[in-house]
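Student: My questions concern the predicted model and sequence given below.
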Amino acid sequence: MLKNTEQRYGSLSIGLHWLTLLLMIAVYALMEFRDIFPKGSVGRDLMKEFHFMVGLLILALVVVRLLVRASSPSPRIVPELSPLMLKLAKLAHLALYGFLILTPLLGWLLLSAGGKPIPFFGLELPALIAPNDGLKGTIKELHETLANIGYALIALHAAASIYHHHVLKDNTLTNMLPERRS
């Protein structure tokens, strides 16, 4: 089933969720391992360029994810969560989506402020703002700070799914796993 139902997530939501995770691993790996190449080298520049493109791809996927989420139901959690747990879950998802939107947007703004091209798999996206060296440093700091916060958000999300599965024994995690065929 492609679409979500009240019983479980559809294959589209599941696929987008796990694809986002794989792209997040890639975007972080590209930045963390760029130092294996010297500054100004072709290898380092390629890693940075792919970091930009994968980050923008994540932004595009998040837009699709939000459209899917708005147009179909979310599965019921069984057994039901307490009102406090529901509020915490909503806050955590809001933080994750904010992170997944703001971080790539800040990257796009950073390239724009630096007067650099914005590559996207053979296309060049338009600058969001005019070059501005004064603003560039602030945007870079915000982008890097949010990226560092992302590690904690991703860890919290993973820990929460394990908590739901092993402690609360609800269907939160299993709803996001591909259906097993018998």
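Tutor: That came through, no problem.
Student: rest of the way, CA atoms for contacts and neighbours
Tutor: Fine.
Student: so which helix or strand takes in residue 163?
Tutor: Following DSSP states H and E, one finds residue 163 within helix 133-163.
Student: Show the average pLDDT along that helix.
Tutor: The average pLDDT within helix 133-163 is 97.
Student: Show me what the helix or strand that comes right after that helix packs onto, helices and strands only.
Tutor: Note on helix 133-163: by DSSP H and E, the next helix or strand toward the C-terminus is helix 172-175. Contact partners of helix 172-175 among helices and strands, from 3 or more Cα pairs under 8 Å, 6 or more residues apart in numbering; DSSP states H and E: helix 133-163.
Student: Tell me the gap between the lowest-mean-pLDDT helix or strand in the chain and the middle of its chain.
Tutor: Each helix and strand of the chain was given a mean pLDDT (mean pLDDT, DSSP states H and E); the minimum falls on helix 172-175 at a mean of 93. Relative to the centre of its chain, helix 172-175 is centred 19 Å away, using Cα atoms, centre = their mean, to the nearest Å.
Student: which helices and strands does the helix holding residue 163 pack with?
Tutor: helix 83-113, helix 172-175.
Student: Quick one: closest of the ones you listed to residue 11.
Tutor: Nearest to residue 11, of all the helices and strands packed on helix 133-163, is helix 172-175, at 10.4 Å by Cα to Cα.
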